[in-house]
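S.K.: Pasting the sequence and the predicted coordinates here, then a few questions.
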Amino acid sequence: MTATAFSFQLEHTDGPARAGQIRTPHGSAPTPLFMPVATQATVKGLTPEEVSEVGGQVVLSNAYHLYLRPGVGTVNSLGGLHGFMRWNGPILTDSGGFQAFSMGSLRKVNDEGIRFRSHLDGSEHHFTPELATMNQVGLGADIIMCFDQCIAYGATEDEVRLAMERTHRWAAECHRIHRDSGAWPGQALFGIVQGGTFPQLRDESSKTIAAIPFDGYAVGGLAVGENKEQLYGFTQQVTGHLSEDKPRYLMGVGSPEDLVEGVWRGIDMFDCALPTRVARNGAMFTPDGRIDIKKKRFSEKSGPVDEECDCYACANYSAAYIHHLFRAREILGLRLASAHNLRFLLRLMERIREAILEDRFDSFRRRFLDRYRPTNEAARQEHKLRWLQERGT
């Protein structure tokens, strides 16, 4: 493939909300966008063709998991991630720093990197900025992420500062390694802002990372246990320091209300495993909030789950049928719910972009939030923390 340089074009703004276009060697994608998560080179339960059919344009894979199995060399020899998983659009990989950190007592962190034992077979590995960068180069993703040190929610300011300063050093090293590696010129490298829930550290990290000429910038270390007010406040604080002509990526965020509020604070890119993860438990998005399709009240509903949805499930099957599939523990139920939830979010992003281009995003945001009822905050926090504890494996 002829390498095409990565680029981002800001097309229109409506207040702080932005509409743009990212261009990669594997195609372009309009922003703001949501990236379905294909952790192990697959979006759980769906084929690449089905992900494309629901509107997916960029997917995210995890370099930690692919490094352990089947191995970067294997993926590279089979055509890189695009050839291996038969996805023709852009791919973003994360470095695996969070997964390595999540090993708990099985890992040790120092200035050189993170030493950990595999959750698969107990073998020892040492992730460094160089290895994390070159793993992603070998996988052939269009956008790769710097290696950073994640820190647990609730850590002290001294602990967060130590991890942040280490992240800054690693970011500079990743940038140098990527620049000097001979990686194909179309591949982009994004830096990651850290700083926990300490405003002064967020300011410091934003300015430090923004001073390195990355192709894009990510807001990391959020959606890990803080409340919504903190999530939105720190997102807005960070974007205020980032270049207007580079894409801004809020990592690990995927609740519908958070996508709308993130765009309102200047974010262009999002990812999260939430839509497919909750789908496998029977939770399905609607304009009024999430419903549990397993509840008895859906057992005789002849209409679709969402009358306004254009996904395959809603166009072809009744809510009663999907309810039955879940009660009977049929795999088709999980697949239909997963496709529906992804389509709901991807269609939401399409509508957000249209509203920005027509200078009516503020009214769109207000109407959406007036109608959509988020998951109970306490339940959301408990579920999120439980998922974070399991995320490393």
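M.R.: Arrived safely. Bear in mind the structure is a predicted one, so any value in this text is a computation, not a measurement. Numbering: from 1, shown residues only.
S.K.: Which helix or strand lies directly C-terminal to the longest helix anywhere in the chain?
M.R.: The longest helix of the chain (DSSP state H) is helix 331-357. Toward the C-terminal end, the helix or strand that comes next after helix 331-357 (DSSP states H and E) is helix 361-371.
S.K.: In that next one, which residues are buried?
M.R.: Under the neighbour-count criterion of 16 or more other Cβ atoms under 10 Å, helix 361-371 has Phe361, Phe364, Arg365, Phe368 buried. Heads up, the C-betas are built off the backbone N, CA and C, glycines and all.
S.K.: Surely the second one and Ala355 touch.
M.R.: Think Phe364. Yes - using Cβ atoms under 8 Å, Phe364 is in contact with Ala355, at 3.9 Å.
S.K.: Do a quick rundown of the helices in the stretch 1-150 of the chain.
M.R.: For the stretch 1-150 of the chain, the helices defined by DSSP state H, counting those that start in this stretch occupy 48-53, 63-68, 72-77, 80-85, 97-101, 129-139.
S.K.: Only alpha carbons, please: show the fourth one as CSV.
M.R.: What follows is the C-alpha trace of helix 80-85 in CSV, where atoms were taken according to Å, rounded to 0.1, in the frame of the first residue of the first chain:
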residue,chain,number,x,y,z
GLY,A,80,-0.4,-6.8,9.9
LEU,A,81,-3.6,-6.2,11.8
HIS,A,82,-5.6,-5.2,8.7
GLY,A,83,-4.8,-8.4,6.9
PHE,A,84,-5.0,-10.6,10.0
MET,A,85,-8.5,-9.5,11.0
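S.K.: hang on, the earlier thing: turn the buried residues of helix 361-371 into JSON lines, columns for distance to Phe285 and pLDDT.
M.R.: As requested, the buried residues of helix 361-371 are exported to JSON lines (distance: Cβ to Cβ, whole Å; pLDDT from 0 to 100):
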{"residue": "Phe361", "distance to Phe285": "20", "pLDDT": "98"}
{"residue": "Phe364", "distance to Phe285": "17", "pLDDT": "98"}
{"residue": "Arg365", "distance to Phe285": "17", "pLDDT": "98"}
{"residue": "Phe368", "distance to Phe285": "12", "pLDDT": "98"}
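S.K.: could you dump the residues you listed to JSON lines with distance to Ser181?
M.R.: Putting the buried residues of helix 361-371 into JSON lines (distance: Cβ to Cβ, whole Å) gives the following:
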{"residue": "Phe361", "distance to Ser181": "40"}
{"residue": "Phe364", "distance to Ser181": "43"}
{"residue": "Arg365", "distance to Ser181": "42"}
{"residue": "Phe368", "distance to Ser181": "43"}
